[in-house]
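Engineer: fold the following, please.
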Amino acid sequence: MTDIETARLVLHPVDEAEARRVTAQAAGPDDRWATDYPFGGDLAAIGSFLRATEQSGDQRPFGHYRISTAADGVVVGGVGFKGRPDGGRVEVGYGLAPSARGHGYAAEALRARLTVAAEHGVETVVADTADDNVASQRTLVRAGFTRIGAEADLEYYEIRLGA
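Structural biologist: Below is the predicted model of the structure:
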């Protein structure tokens with residue numbers, strides 16, 4: 001799998017070796033991580049990616065991608081699908097290190113991943129966020145998602161591709 005480049009970001013498909021470095025919080029000699037990367041959310045996402053890979057094999061192109069800034073190559077977060085599509089539908093998750101938030105990177109990365117999903121026949125991408133995470137809700141809307149409901153402390157969003 002090749003990198004996905006946007007105007008300001010590079011999304012790189014994470015392999016098992018890189019995922020294990022992230023979960024161990026031990027950067028390799030070629031890794032350029034933001035000082036606050038990895039953070040809790042990314043550690044959880046990478047752990048899920050590793051479990052899915054162990055159970056079902058290579059997840060790409062629906063696996064986890066690291067998000068780096070194109071200008072300096074520093075890793076600032078991750079974005080990925082939570083498994084392979086099922087019935088034309090897949091769930092996405094994302095997160096940025098605190099130092100990278102507020103620049104629109106998450107919405108930019110999400111839009112890039114939506115393009116990949118559409119190219120692979122996905123019809124609907126869903127996401128959820130905590131009801132008090134207004135920044136994440138705004139990110140989803142900026143990426144083209146629509147709020148479809150709420151339950152307990154979660155808000156649910158979706159985007160229909162090709163619609």
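Engineer: is it true that residue 65 touches residue 77?
Structural biologist: No: look at residue 65 against residue 77 with CB atoms under 8 Å: they stay out of range, at 9.7 Å. Every residue, glycine included, has its C-beta placed from N, CA and C.
Engineer: anything in contact with each of these two?
Structural biologist: Common contacts of residue 65 and residue 77, defined by CB atoms under 8 Å, 6 or more residues apart in numbering, comprise residue 109.
Engineer: would you list the phi and psi of residue 139?
Structural biologist: Backbone geometry at residue 139, expressed as degrees, to the nearest 10, gives phi -60, psi -50.
Engineer: state the pLDDT value of it.
Structural biologist: Listed pLDDT for residue 139 reads 97.
Engineer: quick one: low-confidence parts of the protein?
Structural biologist: Within the chain, the ranges that satisfy pLDDT under 70 run 1, 163.
Engineer: go again with 90.
Structural biologist: By pLDDT under 90, the weakly predicted segments of the chain are 1-2, 41, 53, 56-61, 83-84, 162-163.
Engineer: assign the residue nearest the centre of it to helix, strand or coil.
Structural biologist: With distances taken as CA atoms, centre = their mean, residue 79 lies nearest the centre of the chain, 1.1 Å away. Taking DSSP: H, G, I helix; E, B strand; the rest coil as the rule, one finds residue 79 in the strand state.
Engineer: can you pull out the strands in this protein?
Structural biologist: Secondary structure of the chain (DSSP state E): strands at 4-5, 9-13, 64-69, 75-81, 89-96, 124-130, 146-151, 154-160.
Engineer: show me which helix runs longest in this protein.
Structural biologist: Criterion DSSP state H: the longest helix present in the chain is helix 40-56.
Engineer: contact partners of that helix?
Structural biologist: Under CB under 8 Å, 6+ apart, the answer for helix 40-56 is 14, 16, 19-20, 22-23, 25, 38, 59, 63-64, 77-78, 80, 82-84, 93, 95, 97.
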